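1. Just a sequence and a predicted model for now, questions to come.
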Amino acid sequence: QVQLVESGGGLVQAGGSLRLSCAASGRTVSTYGVGWFRQAPEKEREFVAVIMMRGGSTYYADSVKGRFTISGDNAKNMVYLQMNSLKPGDTAVYYCAASPYLSNIVSWRPDYWGQGTQVTVSS
């Protein structure tokens, strides 16, 4: 089993930045796909970004490309999401997610989820 704990959420003004962290425990995620989803009020949960911890390949939702950067640290079993140029539309609960095998990002249904961290962007 893998446990995921997010941190770093908060309130920020539009145009500002936040850095989310995801701490994994229970097993090393050095060969996993680890990423972020978000869910805004009354909306479905949506994919944000993922990193393949072996090799470092990254993928992003079109809505965050150029603004968000996902990175991983295998030595610390951590994944980060640097969010810049934040918009009110980025307001959501952000969830860290992971899977030991990830072959299709479009249809990815993670095996493990964190509890989420709230990000609120004010206009």
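-> Received, thanks.
2. Neighbouring strands of the helix or strand hosting G35 in the sheet, and parallel or not?
-> Using DSSP states H and E, G35 maps to strand 33-39. Strand 33-39 has the following strand partners under DSSP bridges: strand 46-52 (antiparallel), strand 92-99 (antiparallel).
3. Let me know the next secondary structure element after the longest one.
-> By that I understand strand 92-99. strand 112-113.
4. Give me the packing partners of that next one, helices and strands only.
-> On a contact count with 3 or more Cβ pairs under 8 Å, 6 or more residues apart in numbering; DSSP states H and E, strand 112-113 meets strand 3-7, strand 92-99. (Glycine included, C-beta is placed from N, CA and C.)
5. Can you check which of the ones you listed gets nearest to Y32?
-> Closest to Y32 of those is strand 92-99 (Cβ to Cβ; 5.0 Å).
6. The closest one versus strand 3-7: what angle between them?
-> 150 degrees (axes from the mean of the first three to the mean of the last three Cα atoms, to 10 degrees).
7. what residue ranges in the chain score low on pLDDT?
-> Judged against pLDDT under 70, the chain has no low-scoring part.
8. Centroid-nearest residue for it?
-> With distances taken as Cα atoms, centre = their mean, the residue of the chain nearest its centroid is W36 (2.2 Å).
9. Please name the nearest non-neighbouring residue to it.
-> Once flanking residues are discounted, W36 sits nearest to V48: 4.2 Å by Cβ to Cβ, 6 or more residues apart in numbering.
10. That neighbour against Y94, yeah?
-> Yes. Here V48 reaches Y94: they are 7.2 Å apart, a contact under Cβ atoms under 8 Å.
11. Spit out the residues that contact those two alike.
-> 36-38, 81 (Cβ atoms under 8 Å, 6 or more residues apart in numbering).
12. Which pair of those spans the longest distance?
-> Farthest apart among these - using Cβ to Cβ - are F37 and L81, which lie 10.7 Å from each other.
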